[in-house]
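[1] model this:
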Amino acid sequence: MEVLNLSPKAPPDRFDEEGLHSFYWQFARSRVDRLDIMRFGREFMTRQPENTHVLLDASVTHVGLSADGSRFSHLDVASMEGKRARINADLCVLAAGGIENARLLLASNDVHSPGIGNCHDVVGRYLMDHAGACIGRIPTEQMAALAKLFGFFGVHHKGRAHMFMHGLALTSEIQEREELLNAAIYFATERAPDDPWDALKQLVSRRSTNVRRDLRSVAAGSGLITKGIGMKMLSHPRTPKAFKDLVVNTAISLSPNLVADEFQSQGVPHKLVGLRIEAISEQIPNPDSRISLSSGKDRLGVPLAKVNWQINDAERQTLVRIAELSRAALMKAGLPAPTLETWARERRPQDIVIIDMAHTLGTTRMSADAKTGVVDQNCRVHGVHNLYVAGGSVFPTSGHANPTLMILAFAIRLADHLNS
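    Predicted coordinates for the structure are as follows:
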């Protein structure tokens with residue numbers, strides 16, 4: 001899931017009265033890999049500008065400053081084979097992610113002992129992610145009704161099929177009334193325990209704990225395995241691009257949920273047992289949730305990051321409440337009622353199994369005051385004239401939606417600032 005957008009073909013909303021409203025994620029389809037409907041990273045290498053030079057196999061180990069600490073001076077880089085080099089530049093933009101941006105600033109402590117930009121002990125603090133949890137399930141026999149309304153759908157524009165996903169989010173009114181955070185739910189397919197592809201992998205890798213059971217699963221799911229082989233052939237580099245476009249765009253028109261499932265399973269269709277209802281919540285900025293340096297070092301001699309990601313009561317209460325509201329809203333709309341997780345049914349927020357969504361944010365947060373942030377409004381590190389930070393680590397708050405669009409907006413804004 002990449003960016004928030006509202007499709008022009010969105011179905012009418014029926015859930016406002018229950019404190020929820022329709023919410024849409026738009027997926028970033030690759031123009032290079034026609035079967036990749038959720039990423040666009042390969043475009044960078046194929047559309048590389050002439051004034052851009054990419055240095056591969058070179059990890060930054062140190063950010064160098066001038067003797068007085070007021071200016072960026074150089075980067076020290078190293079390869080796994082032991083090669084080392086120093087890169088001098090007029091300015092630097094750190095864009096290594098929510099964990100690595102903070103780790104590099106903290107580890108580069110030869111001029112400022114607390115680390116770069118850390119005279120007020122803010123670097124690495126306010127670590128946020130999106131708190132995710134499965135709130136309930138829908139069995140296979142009731143999937144069809146929900147799959148028509150929620151999940152993936154395609155929108156065609158100028159010869160390209162664009163992927164969206166429909167879910168539900170808390171309305172601003174109920175958030176204010178009940179002091180809840182931003183949160184949303186989406187629907188994901190759940191794999192069966194006797195999935196034939198999982199059984200085949202166990203047999204091929206000789207890790208099967210029950211060979212007879214896995215052989216039965218493979219035999220019973222031979223149709224899925226045959227279909228998977230066909231998908232692998234479709235993704236082969238020698239398959240003509242025009243044929244791939246035709247197949248994928250047609251499939252998005254007819255069955256976007258199927259196309260999304262095929263991508264997420266890497267072209268291997270699986271036996272399903274129903275739908276999981278997943279919730280995702282924003283986080284309250286908490287200074288005790290942080291990245292710091294551990295006593296251990298990596299192979300290049302840089303201190304490893306120590307992660308202390310803390311979940312607040314507000315996130316847990318929000319997840320419980322959106323679970324209750326979602327079940328009530330689906331039932332009122334005449335749709336199948338999910339079986340909620342035990343912690344939701346019994347209102348035990350302390351028992352929620354929360355996972356991160358790999359959206360690390362906030363560790364070099366933006367603030368006009370150096371006492372409460374690491375970078376200023378132009379993403380420049382406080383106190384260092386020519387050192388900047390890009391990415392989700394500059395977010396002062398997290399929201400609940402996937403951060404890609406905002407990260408890109410910040411990057412474009414920073415580029416314009418540097419060009420000026």
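
[2] which residues touch the nearest residue to Phe15 once chain neighbours are set aside?
    Of all residues not flanking Phe15 in the chain, Ala329 sits nearest, at 4.5 Å (C-beta to C-beta, 6 or more residues apart in numbering). (Glycine included, C-beta is placed from N, CA and C.) Contacts for Ala329 (C-beta atoms under 8 Å, 6 or more residues apart in numbering) come out as Phe15, Glu18, Gly19, Leu20, Leu168.

[3] can we see that at 7 Å?
    By C-beta atoms under 7 Å, 6 or more residues apart in numbering, Ala329 lies in contact with Phe15, Glu18, Leu20, Leu168.

[4] and which of those residues is nearest to Lys297?
    Nearest to Lys297, judged by C-beta to C-beta, of the contacts of Ala329 is Leu168 at 45.6 Å.

[5] can you list the strands that the helix or strand in which that closest one is found pairs with?
    Per DSSP states H and E: Leu168 is located in strand 160-170. Applying DSSP bridges to the sheet, strand 160-170 is found paired with strand 20-26 (antiparallel), strand 151-157 (antiparallel), strand 183-191 (antiparallel).

[6] list the buried ones in the last one?
    In terms of neighbour count (16 or more other C-beta atoms under 10 Å), strand 183-191 has its buried residues at Ala183, Ala184, Ile185, Tyr186, Phe187, Thr189, Glu190.

[7] need those in a markdown table with distance to Ala95, can you?
    Below are the buried residues of strand 183-191 laid out as a markdown table (distance: C-beta to C-beta, whole Å):
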| residue | distance to Ala95 |
| --- | --- |
| Ala183 | 28 |
| Ala184 | 27 |
| Ile185 | 31 |
| Tyr186 | 28 |
| Phe187 | 33 |
| Thr189 | 34 |
| Glu190 | 36 |
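
[8] and which of these is nearest Met406?
    Taking C-beta to C-beta as the measure, Met406 lies nearest Ala184 of the buried residues of strand 183-191, at 15.7 Å.

[9] okay, the residue nearest to the closest one when sequence neighbours are not counted: pLDDT?
    Take Ala184 and drop its neighbours on the chain: the residue closest to it by C-beta to C-beta, 6+ apart is Ala169, 3.8 Å away. For Ala169, the pLDDT comes out at 97.

[10] Ala169 against His21, yeah?
    Yes. Judged on C-beta atoms under 7 Å, Ala169 makes contact with His21 at a distance of 6.0 Å.

[11] so between these two, which is more surrounded?
    Ala169 (23 against 17; other C-beta atoms under 10 Å).

[12] quick one: the helices in the stretch 1-150 of the chain, in order.
    Taking DSSP state H, counting those that start in this stretch, the helices of the stretch 1-150 of the chain run over residues 42-46, 97-107, 143-149.

[13] pLDDT (mean, whole number) over stretch 130-145?
    89.

[14] give the buried residues for the longest helix along the chain.
    When the chain is parsed with DSSP state H, its longest helix is helix 313-332. For helix 313-332, the neighbour count (16+ other C-beta under 10 Å) marks 314-327, 329-330 as buried.

[15] stretch 166-177 now?
    Of all the residues in stretch 166-177, those buried under the rule 16+ other C-beta under 10 Å are His166, Gly167, Leu168, Ala169, Leu170, Thr171, Ile174, Gln175.

[16] for it, measure first residue to last.
    End-to-end distance of stretch 166-177 (C-alpha to C-alpha, to the nearest Å): 25 Å.

[17] could you list the residues in contact with that stretch?
    15-16, 19-24, 150-151, 153, 180, 182-186, 322, 326, 329.

[18] likewise stretch 395-405?
    Applying C-beta under 7 Å, 6+ apart, the external contacts of stretch 395-405 come out as 1-4, 25, 128, 130, 182-184, 280-283, 285, 359, 361-362, 365-367, 392.

[19] where does Leu335 land on pLDDT?
    Looking at Leu335, the pLDDT reads 91.

[20] so how far is Val353 from Ala188?
    For Ala188, the distance to Val353 equals 15 Å [C-beta to C-beta, to the nearest Å].

[21] Ser294 too?
    Ser294 is 26 Å from Val353, by C-beta to C-beta.

[22] can you report how many residues neighbour Arg42?
    13.

[23] surely it and Val32 touch.
    Yes. Here Arg42 lies in contact with Val32, judged by C-beta under 7 Å, at a distance of 4.4 Å.

[24] domain ranges for this protein?
    With domains defined by the TED database, the chain comprises 41-129+284-419, 193-270.

[25] so which of the ones you listed comes closest to Arg276?
    Per C-beta to C-beta, nearest to Arg276 of those: domain 41-129+284-419, 9.2 Å.

[26] chain center to that closest one, what's the gap?
    A distance of 13 Å separates the centroid of the chain from that of domain 41-129+284-419, by C-alpha atoms, centre = their mean, to the nearest Å.

[27] so what would you say the end-to-end distance of that domain is?
    24 Å.

[28] and for stretch 130-149?
    25 Å.

[29] the helix or strand where Gln175 lies - what's its average pLDDT?
    Applying DSSP H and E as the criterion places Gln175 in helix 172-178. Taken as a whole, helix 172-178 has a mean pLDDT of 96.

[30] understood, closing this out.
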